[in-house]
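In: predicted model and sequence follow; I will ask about them next.
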Amino acid sequence: MAETTEFLGTGRRKTAVARVRLAPGSGKITVNGRPVENYFVIESQRSLVMQPLARTDATTKFDVRVNVTGGGLNGQAGAVRHGIARALLASDANLRAALRSEGLLTRDPRMRERKKYGQPGARKRFQYSKR
């Protein structure tokens, strides 16, 4: 039987998947067992992760534990952001309007386009030679 004090949220972006657990606490964020400052070293990625918490004034109300796999660091940061927003919504349904207005609950559908056969990439073509 699961505890009711922990709120779960799954976030996805590109090929990254983040499983987020929110528990009442002091605002400590760990990603794959490491502090968020050590995992996301670029400031823009950290601010992306903090966006849902800052928008709902919950930066010091919850401890956040994240497991994230797949993709690169930018995709993972987007997945963590999406997961935190979903977990916040599970903790309090009244936050929906605030999260929705920032677009934090919408899953970004953009994916990498597949490479086509007979060509060097998804869109790139081999150089045309007339002679």
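Out: All right, it came through fine.
In: assign the most centrally placed residue in the chain to helix, strand or coil.
Out: With distances taken as CA atoms, centre = their mean, A79 lies nearest the centre of the chain, 1.9 Å away. Look at A79: counting by DSSP: H, G, I helix; E, B strand; the rest coil, its state is helix.
In: wait, isn't it in contact with R12?
Out: Yes: assessed by CB atoms under 8 Å, A79 is found in contact with R12 at 5.5 Å. From N, CA and C alone the C-beta is placed, and that goes for glycine too.
In: who touches both of these two?
Out: Residues touching both A79 and R12 (CB atoms under 8 Å, 6 or more residues apart in numbering) are A18.
In: run me through the strand neighbours of the helix or strand containing N67, direction for each.
Out: Take DSSP states H and E as the rule and N67 turns out to sit in strand 62-69. Applying DSSP bridges, strand 62-69 is found paired with strand 16-24 (antiparallel), strand 29-31 (parallel).
In: buried residues of the longest one, list them for me.
Out: By neighbour count, and taking 16 or more other CB atoms under 10 Å as the criterion, the buried residues in strand 16-24 are A16, V17, A18, R19, V20, R21, L22.
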